[in-house]
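Trainee: Provide a 3D model corresponding to the input given below.
(one chain, ligands or ions: 1)
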Amino acid sequence: MSSVPEITAAPGAGQVPPDAEAVRAEVGAGTVEPAALTALTSLQLLRRLDSGPRGLTEAQAEERLARCGENTVPSWRPVSWPRRFLGALRDPFTTVLLCLGLVSAAVASWGTACVIMTLVVVSCALRSGGEHQAGRAMAALQELVATTATVQRRSAADAPPQLRELPVDQLVVGDVVRLGPGDLVPADVRLLRANGLTVHQAALTGESAPVPKRAVDAPPGTDQDAPEPPHMCFQGSSVATGSGTGLVVATGADTRFAAAYRGPARRRGETAFDRSVHGIAWTLIRFMLLTPPLVLMANAALRGRGLETLPFAVAVAVGLTPEMLPVIVTTALARGASLLARTSGVIVKRLPALHDLGAIDVLCLDKTGTLTQDRPVVVRSAGPDGAPDPDVLHWAAVNSFWTIELAELPVPDALDEAVLTAADARGTDPLEYEGIAALPFDPMVRMSTAVIRRPGRHGTHTLVVKGAVEDVLERCGRLLTGGGGGETALDEAARERLLRCAAEEADGGFRLLAVARGDRRPRLGGYTDGDVRGLTFLGFVALSDELAPSAADALRVLTERQVAVKVLTGDHPGTAARACRDLGLPPGEVVTAGRLAGLEGPALAEAVGAATVVARCTAQDKARIVAALRADGHTTGFLGDGVNDLPALQAADVGICPRGAVPVAREGADVVLAEKDLTAIERAITAGRHASGNIAAYLRITLSSNLGNVIAMLAAGLLLPFLPMLPAQVLVQNLCFDAAQLSLAFDRPTVGAARRPAVLRPRVFLRFITGFGLINAVADLATFGVLAFVAHATPGTDSPTMFHAGWFTENLLTQGMVMLLLRTGRRAAEGRVVGPVHLAVTGLAVVGLLLPVSPVAPLLAMSAPPPLYYLLLSAVLTLYGAALAFARMRYARRESGEGVPDGSPERSAEHALVGGQNA
Ligand SMILES: Nc1ncnc2c1ncn2[C@@H]1O[C@H](COP(=O)(O)OP(=O)(O)OP(=O)(O)O)[C@@H](O)[C@H]1O
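Mentor: The predicted structure follows:
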């Protein structure tokens, strides 16, 4: 990796600043012509933008902000309610309903068309209202984790510049900003200074490897005219390594990112949410589209009817539609997310991520700061022979001091701080050397280098290197011997011995830094990674890092909840394995990323499946492993906080980071924890499983009863000389169902609902609802039998109106029973709580029993059935309830594994289905 020591902007000689009006117009418009960005020298550009190397004054910045507006990408501004309503119309269910409405209107079936339109409007209004509310709540939550930029400003023209953290949206053209590892580039920036700076700009160019950047002041015509000029950093990219200072040249809608932005900020491919909820929705839509032709064919074949059955066929398809699904999904997820934020400080930035949290069956996490506290303390330093040697710590501290100093790192690394604290206590003074250049820590090469000049050695530069043992040893050709400063060649045997020695230290749980040094002739150009060769190995510094207090408990609970934990770390395998063992997580086979290098796809997933720890991972290794696990069918979460965690955060179904993570990780994650505390993840996973459980309950209940109704409608359509249900009745019944089913989004789930990953698998799910739908159909058909008997036994009651009323009552009552018996919510054994579902079911029963006997009944073409009907109906309902309870018990038993071998697809299918009902 190349790096260049600081290059400072050269003066823009001979350039006349434009007149003040022109500057104001240009800055006011928030634009500078692209050619000026690359063609002018830094100083010319600073003048052009009426700024300076010391930054803007607060007054200038305020005036520009008022004139140009905030620095936000236009497409990320809040969506208005009417736009949300129109957006809801694009939902696939709504589209199918609209098509069915058009078909009805085309055959002049106005009643059915009106019913369909009412359903569409009600569900779109509820959905867009819910989304609007959820969007506002999410925006408020996201404010809590909003990214800031380090900006250099002055309180007055003659005041000294001060660095301060500012919300990114407050930046204006002409601001001078500082960039450090893990920072998001907050606007389009022309670099004034850079040190070892590399940026990830995949969001703009698709290139995954970090790209080196440097300040360039040469005249135009060189590589600065390239599409990706090396001295420009664009909004949407992030700092991988090094540091820089830059001038903001474009903000908001004028940035290159805003121009290129189309659609969501990142596309991570199909997530667990897409696979389950969307998968089920599309399967249902196929069924809905198939239904009308099937009904037409059945009527033609069995009753010789023609196209006149089309409105009825359409009504049957509408009956299958779970039109409230989007509303329930949004409500359940939004409610879960806001509860989680209130009770645990966990912020879910993307609503479907809450569902995906509930479906996680593999959680990958880094070690440092997650399993450990990331508060390293130096315990000893030793020479190559293992004997204590304070000199090794001395050189490590010289490296830390000068890399922090020269690279202008805004936040020093915890290891550097620990080394400096320990060396300070022993009287090391790095200022006795002169700092020349620095290659800050790069997680790809796993080392940092400081170039210094030692007192009295004018013709020599000394490279002081510290980093991971294997990597530093690779750059060493010699070895320090004894205390007298003698050196010897580093042969293979010595290398093996040193690696063994390091492994022993790591097995003790220590983090290790290897330290090396090498003298060079001074060079004029900048130092690069290629110069770090032929060093002399000085020894090791060992550091301890206490385990995180809550980690052991959280790991145990995660295991109980059937979440497999994988530790993907950049650290030594021994250190990581020891941390796992001490936390009660058996490390199993410990592999290094190097050993997985040649593996891809299923082979990689299998190798990782057998291991708990994968050590010496780079950022790309972590992402590759997460992607392979996902491709293998796992719903994968990734928890990380460092700059080297970003690709994995984006590759996972759910990227999770703590609030203290580097800005780029916070931006890339879907879920932000208040603390880097594993117990918070466990609570978040539980909340996700509860929300998914309620969505699954809605689907189970709605689809089982809808399917039952459709089968009954088909049978009645073939058997009866009149329509089994009129459009107005379909409408009232559906509206009652919809209102009642909303309560499922607020249901309180059982303890058991969180025991295993909540996955909805479309095929298995459909098998489940077919079973329960058939029971419902049998109940409906039995009701028809009862109605026929009552009509026969009670003279004067054989009218369609009595049939309509009788079936209406039965439908609402059976719907209520299904809701009580198939929901995920609290069972009687867990407490006698009257929840929203109980209230909704009571409402359904009241409407079902009273409406047909009320004065409204004639308006809906209903007439009250005789008492005999109610008597017989109670018998039907009792049998129906018993059948439902029995079927559910059987499913629950199969879910707990009786008769189904462990690990069989059928067993996991049952998990998916009855997820959490069995308390
Ligand atoms: N500031 C630093 N200077 C020099 N070497 C470092 C520095 N920080 C880490 N290292 C070395 O690089 C190795 C890998 O560090 P990296 O930051 O990739 O992973 P980590 O923080 O140890 O683990 P995790 O991936 O679990 O957060 C460390 O084991 C250490 O030897």
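Trainee: Can you get me a residue count around residue 103?
Mentor: Number of residues near residue 103 (other Cβ atoms under 10 Å) recorded here: 19. Where you see a C-beta, it was placed from the backbone N, CA and C, and this is true even at glycine.
Trainee: Check which helix or strand the nearest residue to it once chain neighbours are set aside maps to.
Mentor: Spatial nearest neighbour of residue 103, excluding adjacent residues (Cβ to Cβ, 6 or more residues apart in numbering): residue 314 at 5.7 Å. Counting by DSSP states H and E, the element that carries residue 314 is helix 310-319.
Trainee: Quick one: list the elements packing against the next helix or strand after that helix.
Mentor: Remark: after helix 310-319, the chain's next helix or strand is helix 325-344, criterion DSSP H and E. Here helix 325-344 touches helix 110-144, strand 347-348, helix 352-359, helix 678-719, helix 727-742, going by 3 or more Cβ pairs under 8 Å, 6 or more residues apart in numbering; DSSP states H and E.
Trainee: nearest to the ligand, of those?
Mentor: Across these, the ligand has its closest neighbour in helix 678-719 (13.6 Å, Cβ to the nearest ligand atom).
Trainee: average pLDDT across the closest one?
Mentor: In this model, helix 678-719 has a mean pLDDT of 85.
Trainee: Can it be said to contact the ligand?
Mentor: No - with Cβ under 6 Å from any ligand atom as the criterion, the ligand is not reached by helix 678-719; the gap is at least 13.6 Å.
Trainee: Give me the distance between stretch 647-658 and the centre of its chain.
Mentor: 6 Å (Cα atoms, centre = their mean, to the nearest Å).
Trainee: Next: stretch 95-114.
Mentor: Relative to its parent chain, stretch 95-114 has a centroid offset of 39 Å by Cα atoms, centre = their mean.
Trainee: which sections of the stretch 151-300 of the chain are below the confidence cut-off?
Mentor: 202-209, 217-228, 259-270 (pLDDT under 70).
Trainee: could you redo the last one with a cut-off of 80?
Mentor: Low-confidence segments of the stretch 151-300 of the chain, defined by pLDDT under 80: 201-210, 216-229, 236, 253, 256-289, 291, 295, 298-300.
Trainee: Now the protein against the ligand: closest residue?
Mentor: residue 570 (2.3 Å).
Trainee: any idea which helix or strand carries that residue?
Mentor: Using DSSP H and E, residue 570 sits within no helix or strand.
Trainee: Next, find the distance separating it from residue 645.
Mentor: From residue 570 across to residue 645, the span is 10 Å (Cβ to Cβ, to the nearest Å).
Trainee: I'd say the residue of the chain closest to the ligand and residue 644 touch.
Mentor: Yes - in this structure residue 570 lies within contact range of residue 644 using Cβ atoms under 8 Å: 6.4 Å.
Trainee: When these two are compared, which one has more neighbours?
Mentor: residue 644 (27 against 23).
Trainee: how close does the more buried one get to residue 569?
Mentor: Applying Cβ to Cβ, the value for residue 644 to residue 569 is 10 Å.
Trainee: Kindly report the same for residue 89.
Mentor: The gap separating residue 89 from residue 569 is 48 Å, by Cβ to Cβ.
Trainee: likewise residue 715?
Mentor: Distance from residue 715 to residue 569, by Cβ to Cβ: 62 Å.
Trainee: neighbour count winner among these two?
Mentor: When residue 715 and residue 569 are compared for neighbours, residue 569 comes out ahead with 24 against 15, by other Cβ under 10 Å.
Trainee: Could you find the closest non-adjacent residue to that one?
Mentor: residue 367 (4.0 Å).
Trainee: follow-up on the earlier one: closest to residue 591 out of the helices and strands packed on helix 325-344?
Mentor: helix 678-719 (22.5 Å; Cβ to Cβ).
Trainee: Next, the angle from the closest one to helix 325-344.
Mentor: Interaxial angle, helix 678-719 versus helix 325-344 (axes from the mean of the first three to the mean of the last three Cα atoms, to 10 degrees): 160 degrees.
Trainee: quick one, helix 678-719 and helix 310-319 angle?
Mentor: Using the same axes, to 10 degrees: helix 678-719 against helix 310-319 is 160 degrees.
Trainee: hmm, back to that, shared neighbours, residue 570 and residue 645?
Mentor: residue 366 (Cβ atoms under 8 Å, 6 or more residues apart in numbering).
Trainee: What confidence value was assigned to the residue nearest to the spatial centre of the chain?
Mentor: When Cα atoms, centre = their mean is applied to the chain, the residue found nearest the centroid is residue 670 (2.9 Å). What the model reports as pLDDT for residue 670 is 89.
Trainee: Also residue 629?
Mentor: Reading off the model, residue 629 has pLDDT 93.
Trainee: again, but for residue 510
Mentor: Turning to residue 510, the model gives it a pLDDT of 94.
Trainee: And the nearest residue to it once chain neighbours are set aside, how far from residue 298?
Mentor: The shortest distance from residue 510 to any non-neighbouring residue, by Cβ to Cβ, 6+ apart, is to residue 542 (4.2 Å). Distance from residue 542 to residue 298, counting by Cβ to Cβ: 79 Å.
Trainee: In terms of packing, which of those two has more residues around it?
Mentor: Remark: of residue 542 and residue 298, residue 542 carries more neighbours, 20 against 16, as counted by other Cβ under 10 Å.
Trainee: That one against residue 377, yeah?
Mentor: No - Residue 542 lies out of contact with residue 377 (Cβ under 8 Å); the separation is 10.1 Å.
Trainee: Touching, residue 787 and residue 865? I think so.
Mentor: Yes - assessed by Cβ under 8 Å, residue 787 is found in contact with residue 865 at 7.4 Å.
Trainee: Pull up the overlap in contacts between the two.
Mentor: With Cβ under 8 Å, 6+ apart, residue 787 and residue 865 have common neighbours 802, 806.
Trainee: Mind checking which of those two has more residues around it?
Mentor: The neighbour count for residue 787 versus residue 865, taken as other Cβ under 10 Å, is higher for residue 865 (27 against 23).
Trainee: for the residue of the chain most remote from its centre, helix, strand, or coil?
Mentor: For the chain, the residue at maximal distance from the C-alpha centroid (Cα atoms, centre = their mean) is residue 795, at 65.0 Å. Residue 795 falls in the coil class when you classify it by DSSP: H, G, I helix; E, B strand; the rest coil.
Trainee: tell me the pLDDT at it?
Mentor: Confidence score, pLDDT, at residue 795: 73.
Trainee: Please save the CA atoms from stretch 561-574 in PDB.
Mentor: C-alpha atoms of stretch 561-574 as PDB (Å, rounded to 0.1, in the frame of the first residue of the first chain):
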ATOM      1  CA  ARG A 561     -31.800 -19.300  21.400                       C
ATOM      2  CA  GLN A 562     -30.200 -21.400  18.600                       C
ATOM      3  CA  VAL A 563     -27.900 -18.700  17.300                       C
ATOM      4  CA  ALA A 564     -24.500 -20.000  16.200                       C
ATOM      5  CA  VAL A 565     -21.800 -17.600  17.100                       C
ATOM      6  CA  LYS A 566     -18.700 -17.200  14.800                       C
ATOM      7  CA  VAL A 567     -15.800 -15.000  15.900                       C
ATOM      8  CA  LEU A 568     -14.100 -13.300  12.900                       C
ATOM      9  CA  THR A 569     -11.100 -11.500  14.100                       C
ATOM     10  CA  GLY A 570      -8.000  -9.800  12.900                       C
ATOM     11  CA  ASP A 571      -6.200 -11.000  16.000                       C
ATOM     12  CA  HIS A 572      -4.000 -14.000  16.600                       C
ATOM     13  CA  PRO A 573      -5.900 -17.400  16.600                       C
ATOM     14  CA  GLY A 574      -4.500 -18.200  20.100                       C
END
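Trainee: Go ahead and confirm the residue nearest to residue 103 touches residue 109.
Mentor: Yes - using Cβ under 8 Å, residue 314 makes contact with residue 109 at a distance of 7.3 Å.
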